[in-house]
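J.: Here is a sequence together with a model predicted from it:
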Amino acid sequence: MTVLPDDGLSLAAEFPDATHEQWQHLVEGVLRKAGKDVSGTAAEDALSTALEDGMRSRPLYTARDAAPDPGLPGFAPFVRGGRPEGNTAGGWDVRQRHTTAADGVVLADLENGVTSLWLVLGDAGIPVSSLGDALDGVYLDLAPVVLDAGAETEAAAHALLALYDERGIAKDAVRGNIGADPLGHEARTGTSLPFAPAAELARRCAEQYPGLRALTVDALPYHEAGGSAAQELGAALATGVAYLRELTGAGLTVEQAAAQLEFRYAATADQFLTIAKLRAARRLWARVTEVSGASSAQTQHAVTSPVMMTRRDPWVNMLRTTVATLAAGVGGADSVTVLPFDHALGLPDAFARRIARNTSTILIEESHLARVIDPAGGSWYVERLTDELAHAGWDFFQRIERAGGQAAALRSGRLRDDLAATWEARTGKLAKRREPVTGVSEFPHLAEQPVVREPAPEPPSGGLPRVRRDEAFEALRARSDAHLAATGARPRIYLAALGPAAAHTARLTFASNLFQAGGIEPVTEGTFEESGATEACLCSSDAVYEEQAAEVAGRLKAAGAAHVFLAGRPGDHPGVDGHVFAGCDAVAVLSATLDRMGVS
């Protein structure tokens, strides 16, 4: 048996400490090999990644990257969690969303791991009059219920409270959220609602139902309109402040008012940004309640992002939602909703619902993700990102407040314009595949069999738009599908591989992926005349292009090619009509190609 000395074992004691400057010097050498002659801080900046909201992700974080003290879990500013024990008692609340109660789906979820219900009521979901049927067999003293009823919130609330009374549920055993969200409804529909009914429900909950909240601050409308993480935080904060003002004006104390709010955020496959967003949100809300004369931890409901869900190759959505759920759990969300992988296609089937609920179950029960409180805490990167995002979110919140508050920003169109500008910038990155979408803009599979689902109820509309990362490429693929249905074949392009495999393989693969992303079938075998294509693309190395590109392009045009691309950066090659390369506007290139092919 080996006994360690009292001061422990210093594993790196015999190695000299490396300095930041030494690391930068090594980076300079690597960059010089890539043709970039930069040094010092500039070398480090060359490896940085630009994020939205003016932030940058740097290649190295050290103790020099100071951030404010995040405090302790369960204590202000609540960066590390709203409760001292975090989610260690049993994991986060697994909350599943339902727009229909047919076929026993609600009970099936509860019997297989779901711990609370999120019911969409009204025109976009379950009729309010059917709420009792939807909750038939549900132990309402064990399963919290969260409502999402929009304009019918007051009627839905009365129906739910009556149901608790009918079933003899003690008022102090009721858990959940009535889901009143007038500003969220206005963001979705463009229609304003009076706040008085929400205030009355909050007063009733505060006085009679200690475990039931009345209001939801839903940030999903801003995320789904293309907003950045900071814009989502700022809009949520402005909404929360508006509700605090209304509730305290209706007679509730600040503590009572804050206790009536639950905040809903999107969790994306950008895991570190999601972790930082949830941590920053708690810090910002702690600041709001502090200056209001109280100290309150923010209750958070995280939902896997609808914006990232794709319609093509939807199976990849399982990977996206798994990463997003992991990030939500690590970030300290109190409740997590995993949208089924076929969410973008219609009503989920039993398999999709099972995978959705099991995502949380596996992370909690098998990966033991909830056993550690704030597992990302202490990471220099996460702490710095949390701080930067908190400042960016606060700046956007102040911008909304200067515009007159959340309601004024919505009604003036200013908030819509801010979100649209952010989405326009992101759309450019998506079009150029700088932000790749696996299965859609990268590694598409034209021969995949479509996944068909029963249509889901139409969501509310009339307010802020709903965007998706796949929308531009989805439109191109839809054109290809229509052409296939009309003619029996997809539009085709002939890929001419020049020289040995070592010369052409990389660009041949690149071109094949790019054209398939637009629904254009690449043909690599046989001759151009046999391919059935009307356009062609040369694929090889720059050296081979110098020797063969002009001649081969001429032969292809003589054989009937109306347009000849070259896979690579623009160069002077006679007979070449266009170029496709990393960073080109793929959507514009593919759309123009389909136009020339007569694919409408």
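T.: Yep, it's here.

J.: Show me the shaky parts of the chain.
T.: The model of the chain has pLDDT under 70 over residues 1-13.

J.: rerun that using 50 as the cut-off
T.: 1-5 (pLDDT under 50).

J.: quick one, phi psi at the residue nearest the centre of it?
T.: The chain has Thr268 as the residue nearest its centroid, 3.1 Å off, counting by C-alpha atoms, centre = their mean. Thr268 adopts backbone torsions of phi -110, psi 180, taken as degrees, to the nearest 10.

J.: quick one: contacts for it?
T.: Thr274, Thr304, Ser305, Val307, Met308, Arg320, Ala324, Ala327 (C-beta atoms under 8 Å, 6 or more residues apart in numbering). (C-beta placed from N, C-alpha, C; glycine too.)

J.: now it: how far from Arg426?
T.: Remark: distance between Thr268 and Arg426 (C-beta to C-beta, to the nearest Å) = 12 Å.

J.: for Ala66, same thing?
T.: Relative to Arg426, Ala66 is positioned 30 Å away (C-beta to C-beta).

J.: And the two? Which one has more around it.
T.: Arg426 (19 against 11; other C-beta atoms under 10 Å).

J.: for that one, helix, strand, or coil?
T.: Three-state assignment for Arg426 (DSSP: H, G, I helix; E, B strand; the rest coil): helix.

J.: Pretty sure it sits against Leu51.
T.: No - between Arg426 and Leu51 there is no contact under C-beta atoms under 8 Å: 11.1 Å.

J.: rewinding a little: not counting its neighbours along the chain, what's nearest the residue nearest to the centre of the chain?
T.: Computed as C-beta to C-beta, 6 or more residues apart in numbering, the closest residue to Thr268 that is not its neighbour in sequence is Ser305, at 4.5 Å.

J.: The one you found reaches Tyr265, doesn't it?
T.: No - look at Ser305 against Tyr265 with C-beta under 8 Å: they stay out of range, at 9.6 Å.

J.: list the residues that contact both of those two?
T.: His223.

J.: Neighbour count for these two, which is higher?
T.: Tyr265 (28 against 23).

J.: how close does the more buried one get to Leu135?
T.: Taking C-beta to C-beta, one finds Tyr265 at 26 Å from Leu135.

J.: List the buried residues for the helix or strand harbouring Glu547?
T.: In this structure, Glu547 sits in helix 542-558 according to DSSP states H and E. Buried residues in helix 542-558, defined by neighbour count with 16 or more other C-beta atoms under 10 Å: Val544, Tyr545, Gln548, Ala549, Ala550, Val552, Ala553, Leu556, Lys557.

J.: And Asp17, how close does it get to Thr62?
T.: 11 Å.

J.: the helices in the stretch 201-350 of the chain, which residues?
T.: For the stretch 201-350 of the chain, helices defined by DSSP state H, counting those that start in this stretch occupy the ranges 220-224, 229-249, 254-259, 271-291, 317-331, 350-361.

J.: got the ones you listed as a markdown table, with distance to Leu590 and mean neighbour count columns?
T.: Converted to a markdown table, the helices of the stretch 201-350 of the chain look like this (distance: least, C-beta to C-beta, whole Å; neighbours: other C-beta atoms under 10 Å):
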| stretch | distance to Leu590 | mean neighbour count |
| --- | --- | --- |
| helix 220-224 | 25 | 26 |
| helix 229-249 | 30 | 24 |
| helix 254-259 | 50 | 20 |
| helix 271-291 | 29 | 23 |
| helix 317-331 | 23 | 24 |
| helix 350-361 | 30 | 20 |
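
J.: Relative to Phe396, which of these is closest?
T.: helix 229-249 (2.9 Å; C-beta to C-beta).

J.: Could you give the number of residues near the residue nearest to Ala180 when sequence neighbours are not counted?
T.: In this structure, Ala180 finds its nearest non-sequential neighbour in Ala198, 3.8 Å apart by C-beta to C-beta, 6+ apart. A total of 26 residues lie near Ala198 under the criterion other C-beta under 10 Å.

J.: Same question for the particular helix or strand that has Ala198 in it: list its buried residues.
T.: If you go by DSSP H and E, Ala198 is part of helix 196-208. Across helix 196-208, burial judged by 16+ other C-beta under 10 Å covers Pro197, Ala198, Ala199, Leu201, Ala202, Arg203, Cys205, Ala206.
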